[in-house]
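In: sequence unknown, structure follows:
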């Protein structure tokens, strides 16, 4: 056991055992033990380098004045194992403190992996903590779920199911460093984002990815990814959706824009061949749906059958057919070809 840079370190395994408010993080450390920062209640900023590969549960317990933190990964380790999915080790709150160990200046949150309440975990995290920077930006299922006090998360490279779910304080997310080609289902569900720019590298978007983002106003889809079921359902502030005219998107899913009550117009790009039922249900402000390719459309209750020919040349009539429950075309599959 040695003292280095105002830290106590177990040199046999390069584990940080204890730090204080005046500590400088030692470059030799590769793991952090439980409660290592337990007396650092004055520290406001903390940066953990990428050389750290393991962080014990409760390592940052009691850091009540922490406002910013840089982490090498979310949770206790970057090494992913399906055996550990439900243990809570990949959740943000894991390193701050379990819900049974309250500390002054901490706020209680409930996180889960996104696969059911059976795997819920409660943690205390610093109430003042608003900014997180990730050096390894993979966010596993439920990683930041219910972290409502966070306003900025940087360095994201992949988002699994519910990764940012209900982060209501998060107003923007920059995906410029995103290395995956997929955004998982419910990844942004209920966040406070006001706009999103989906990069061209994204080829797959999961269902309900942006559902109930009630402050979301503008969406730009630069990729050719399809819009899945309930993707933007309940985005009540959404007014503008921009999709490049040369997009090869071919599918708009069931309830994709359901209850987007501020959406006034929408352009169905030329390569779209499937517009699922109820895609625009509850879009009470909608006055125009324009089809870039108006040829060969038909409507059917069974997507495997041809059905009746459908004229889609009038933008206002299209709205009626898509939103009026009395229309014979309402709630059915709209198919091209």
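Out: Structure received. All values derive from a computational prediction rather than experimental measurement. Numbering: from 1, shown residues only.
In: so residue 274 touches residue 252, yeah?
Out: Yes. The criterion here is CB atoms under 8 Å, and residue 274 meets it with residue 252 at 7.0 Å. Glycine gets a C-beta too; all of them are placed from N, C-alpha and C.
In: Neighbour count for those two, which is higher?
Out: More crowded of residue 274 and residue 252, by other CB atoms under 10 Å: residue 252, with 23 against 16.
In: Backbone dihedrals for the more buried one, please?
Out: The phi/psi pair for residue 252 (degrees, to the nearest 10) reads phi -120, psi 120.
In: which other residues reach stretch 146-156?
Out: With contacts defined as CB atoms under 8 Å, 6 or more residues apart in numbering, stretch 146-156 is touched by 92-93, 107, 109-111, 125, 127-135, 137, 139, 144, 164-171, 173-175, 177-178.
In: Any buried residues in it, and which?
Out: Buried residues in stretch 146-156, counted by 16 or more other CB atoms under 10 Å: 146, 147, 148, 149, 150, 151, 153, 155, 156.
In: how about the nearest residue to residue 6, chain neighbours excluded?
Out: What sits nearest to residue 6 in space, not counting adjacent residues and going by CB to CB, 6 or more residues apart in numbering, is residue 23, at 4.3 Å.
In: Any idea how many residues pack against the one you found?
Out: Per other CB under 10 Å, the neighbour tally for residue 23 reads 19.
In: Also the one 3 residues further on?
Out: Other residues near residue 26 number 17, with proximity taken as other CB under 10 Å.
In: pLDDT score assigned to it?
Out: Model confidence at residue 26, given as pLDDT, is 92.
In: if I pick it, what's in contact with it?
Out: Counting by CB under 8 Å, 6+ apart, residue 26 touches 4, 5, 7, 9, 16.
In: Which secondary structure state does it sit in?
Out: Assigned state for residue 26: coil (three-state reduction, DSSP: H, G, I helix; E, B strand; the rest coil).
In: following the least confident helix or strand in the chain by mean pLDDT, which helix or strand comes up?
Out: Using mean pLDDT, DSSP states H and E, strand 2-4 stands out as the lowest-scoring helix or strand of the chain, at a mean of 88. For strand 2-4, the following helix or strand on the C-terminal side (DSSP states H and E) is strand 7-10.
In: just the strands in the stretch 201-337 of the chain please.
Out: 204-205, 218-221, 240-242, 251-252, 265-268, 274-275, 288-291, 297-300, 308-309, 333-336 (DSSP state E, counting those that start in this stretch).
In: right, and those - which one's nearest residue 31?
Out: Residue 31 lies closest to strand 204-205 among the strands of the stretch 201-337 of the chain, at 35.3 Å (CB to CB).
In: Show me what that closest one is packed against.
Out: strand 182-183 (3 or more CB pairs under 8 Å, 6 or more residues apart in numbering; DSSP states H and E).
In: State the mean pLDDT of the strand it packs on.
Out: 97.
In: Mind giving me the packing neighbours of it?
Out: Here strand 182-183 touches strand 204-205, going by 3+ CB pairs under 8 Å, 6+ apart.
In: pLDDT on the strand it packs on, on average?
Out: For strand 204-205, mean pLDDT rounds to 98.
In: circling back: ChimeraX command to pick out the buried ones of the contacts of stretch 146-156?
Out: The buried residues among the contacts of stretch 146-156 can be selected in ChimeraX (16+ other CB under 10 Å) with this line:
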select :92,93,107,109,111,125,128,129,130,132,134,135,137,139,144,164,165,166,167,168,170,173,175,178
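In: Looking at the contacts of stretch 146-156, which are in helices?
Out: Among the contacts of stretch 146-156, the subset assigned to helices under DSSP state H is empty.
In: Is it possible to get a markdown table of the buried residues of stretch 146-156 that adds pLDDT?
Out: Putting the buried residues of stretch 146-156 into a markdown table (pLDDT from 0 to 100) gives the following:
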| residue | pLDDT |
| --- | --- |
| 146 | 96 |
| 147 | 97 |
| 148 | 97 |
| 149 | 97 |
| 150 | 98 |
| 151 | 98 |
| 153 | 98 |
| 155 | 97 |
| 156 | 97 |
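In: In strands only, show me those.
Out: The strands, defined by DSSP state E, take in residue 153 from these.
In: any chance of the buried residues of stretch 146-156 in a markdown table, with distance to residue 30 too?
Out: Shown next, in a markdown table, are the buried residues of stretch 146-156 (distance: CB to CB, whole Å):
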| residue | distance to residue 30 |
| --- | --- |
| 146 | 30 |
| 147 | 26 |
| 148 | 32 |
| 149 | 30 |
| 150 | 27 |
| 151 | 31 |
| 153 | 25 |
| 155 | 20 |
| 156 | 24 |
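In: Alright, that wraps it up for me.
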